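Q: Everything below, folded, please.
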Amino acid sequence: MSDLVPAAELAARNTAHFPNEDATYRTARNALLIRKIELRRQIEETAALRRALPPGGEVPRDYVFAGLAGPVTLSELFGDKDTLVIYSFMYGPQRKAPCPMCTSMVGTWEGKIEDIRQRVAVAVTARSPIERLEQWKRDRGWRQIPFYSDTDGDFTRDYVSAEDADMPGYTVFTRRDGRIRHFWSEEIGFDMSDPGQDPRGAVQQDTLWLLLDTTPEGRGGDWYPSLSYDGGN
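A: This is a model prediction of the structure:
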């Protein structure tokens, strides 16, 4: 990365100006622009490091999930793709309702599944019975997101929570030469937050938070998405 033009030089190429802005605003905007260029580079470097990971551990078994049409194995979830993304949704049988945060994030996939599937296979799993998951899909008006039940919990215990806790998980698998391997999982835990920061991963995927980060109010410190806004939770 040593051949990159310094971020300050790139920012100096900015010619944007908006009505009635003063010099103080423009100076602050240019300083912010430098940081954004640096952040973009850090994101690219991190993604490159992830892509360059050595082979992960071979999957110990062909996990079986319950789908709407019957049992489905992990290998079958790949379809014709060589990469599979599985999101573990917090909706275990002990929960009265799904996790609002998981619901918020997965809901952003609804209109993008066909785009995602051009590149990789994707599935959402949870520990509740498939009938309960499908009912939740209908309640939300989701039609594209593929849900599967990890009925026996083997997958969850191996790749999400050894204690079978109701935890979120984002896991990527690869299939090369007939062998399925673990490629990457989000490993930033709730106990890794910086002071005053809500627990979250390095780069959050929920469009909700990315949008709020561009506003003067920001994410706020006491607001979270709800499952409904008509008096429900």
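
Q: Can you report phi and psi for the residue nearest to residue 67 when sequence neighbours are not counted?
A: Leaving out its chain neighbours, the residue that sits closest to residue 67 by CB to CB, 6 or more residues apart in numbering is residue 148, at 5.2 Å. The way it works is simple: take the backbone N, C-alpha and C, and place the C-beta from them, glycine included. Dihedral pair for residue 148: phi -140, psi 150, per degrees, to the nearest 10.

Q: if I pick residue 148, what's in contact with it?
A: Under the criterion of CB atoms under 8 Å, 6 or more residues apart in numbering, the neighbours of residue 148 are 65-67, 72, 77, 123-125, 130, 133.

Q: Export these to CSV and append columns for neighbour count.
A: Shown next, in CSV, are the contacts of residue 148 (neighbours: other CB atoms under 10 Å):
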residue, neighbour count
65, 23
66, 19
67, 18
72, 19
77, 21
123, 20
124, 20
125, 28
130, 20
133, 23
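
Q: Next step: the residues you listed restricted to helices.
A: When the contacts of residue 148 are checked against helices (DSSP state H), the matches are 77, 130, 133.

Q: Please identify which of the residues you listed is nearest to residue 106.
A: Comparing those against residue 106 with CB to CB picks out residue 133 as the nearest, at 11.1 Å.

Q: isn't the closest one right next to residue 149, touching?
A: Yes - the pair residue 133 and residue 149 passes the contact test of CB atoms under 8 Å, sitting 6.0 Å apart.

Q: which residues do the two both contact?
A: Contact criterion CB under 8 Å, 6+ apart; residues bridging residue 133 and residue 149 by contacting each: residue 126.

Q: Just the buried positions in the top helix by length along the chain, please.
A: Once the chain is assigned using DSSP H, the helix that runs over the most residues is helix 23-51. Using 16 or more other CB atoms under 10 Å as the burial criterion, the residues of helix 23-51 that qualify are 33-34, 37.

Q: Name the residue closest to the centre of the protein, please.
A: For the chain, the residue whose C-alpha lies nearest the mean C-alpha position (CA atoms, centre = their mean) is residue 205; its distance is 4.5 Å.

Q: Any chance of the ones in helices among the contacts of residue 148 in a markdown table with pLDDT and distance to residue 3 as columns?
A: Shown next, in a markdown table, are the ones in helices among the contacts of residue 148 (pLDDT from 0 to 100; distance: CB to CB, whole Å):
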| residue | pLDDT | distance to residue 3 |
| --- | --- | --- |
| 77 | 98 | 41 |
| 130 | 97 | 52 |
| 133 | 97 | 49 |
